[in-house]
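In: model this:
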Amino acid sequence: TPAALALSLLVAVTASAGQSAPPAPLDPRAAMLVSQGRAALAAGHADGAIDAFEAALALQPGHVAIVLNLAEATRKQDMQGKALHYYREVLERESQNLDAIAGEGAALVEKGAVEKARRNLVRLQGLCGDACEATRLLAAALAKGPAPVVVTAEAVKPAPVVTTN
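Out: Residues are numbered from 1 along each chain as shown. Take a look at the predicted model:
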């Protein structure tokens, strides 16, 4: 009886995971704002893209595609911490979202957390293999490595030393 109970529980969990609901379609107004945001991001206007994605998110709160676009836009603006927040928000809803895992890994690389990003790469390889687009993107980000830290002359100003004669 315990073995049959365990087996039936396994089948029930597997069946319910396979029958999950498809992603919700975008509201037409939100879809228009997302396309405006993508166009602004492609033109190099991250601020305008973020504004459009946030407006779309106000119309359709928590939509995974909008949050992923917002995460990408904040990464382009060198706000990796905020991007990580958005990627993790998606991963709370969909723990196996390949785009969120890859995006989080790329943001971690940009922050310098290469070991954590490698864990994301291993996770992606387990989920979809090496031929997957998300795996290739994260592997390329890891190969590129973190961005070099730029130090300005003002940041390394020597402290004045006063000596007596």
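In: show me the helices in the chain, by range?
Out: Assigned by DSSP state H, the chain shows helices spanning 2-18, 28-42, 46-59, 64-76, 80-93, 98-111, 114-128, 133-144.
In: tell me which of the ones you listed lies nearest to Thr163.
Out: Nearest to Thr163 among those is helix 98-111; the distance by Cβ to Cβ comes to 41.8 Å. (Glycine included, C-beta is placed from N, CA and C.)
In: the closest one to helix 114-128, inter-axis angle?
Out: Relative orientation of helix 98-111 and helix 114-128, computed by axes from the mean of the first three to the mean of the last three Cα atoms, to 10 degrees: 160 degrees.
In: pull the CA atoms of helix 98-111 into CSV?
Out: Provided in CSV are the C-alpha atoms of helix 98-111 (Å, rounded to 0.1, in the frame of the first residue of the first chain):
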residue,chain,number,x,y,z
LEU,A,98,15.1,29.5,-19.5
ASP,A,99,15.2,33.2,-20.4
ALA,A,100,15.1,34.2,-16.7
ILE,A,101,17.9,31.7,-15.8
ALA,A,102,20.1,32.9,-18.6
GLY,A,103,19.4,36.6,-17.9
GLU,A,104,20.1,36.2,-14.2
GLY,A,105,23.3,34.5,-15.1
ALA,A,106,24.4,37.2,-17.5
ALA,A,107,23.6,39.9,-14.9
LEU,A,108,25.6,38.0,-12.3
VAL,A,109,28.6,37.9,-14.7
GLU,A,110,28.3,41.6,-15.3
LYS,A,111,28.3,42.1,-11.5
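In: show me what it is packed against.
Out: Counting contacts by 3 or more Cβ pairs under 8 Å, 6 or more residues apart in numbering; DSSP states H and E, helix 98-111 is packed against helix 64-76, helix 80-93, helix 114-128, helix 133-144.
In: quick one: contacts of it?
Out: Helix 98-111 has contacts (Cβ atoms under 8 Å, 6 or more residues apart in numbering) with 64, 68, 71-72, 75, 78, 80-81, 83-84, 87-88, 90-91, 94, 114, 116-117, 120-121, 123-124, 127-128, 132-135, 137-138, 141-142, 144-147.
In: follow-up on the earlier one: which among the helices of the chain is found nearest to Thr164?
Out: When the helices of the chain are ranked by distance to Thr164, counting by Cβ to Cβ, first place goes to helix 98-111 at 46.0 Å.
In: mind listing what's buried along that closest one?
Out: Within helix 98-111, the residues scored as buried using 16 or more other Cβ atoms under 10 Å are 98-111.
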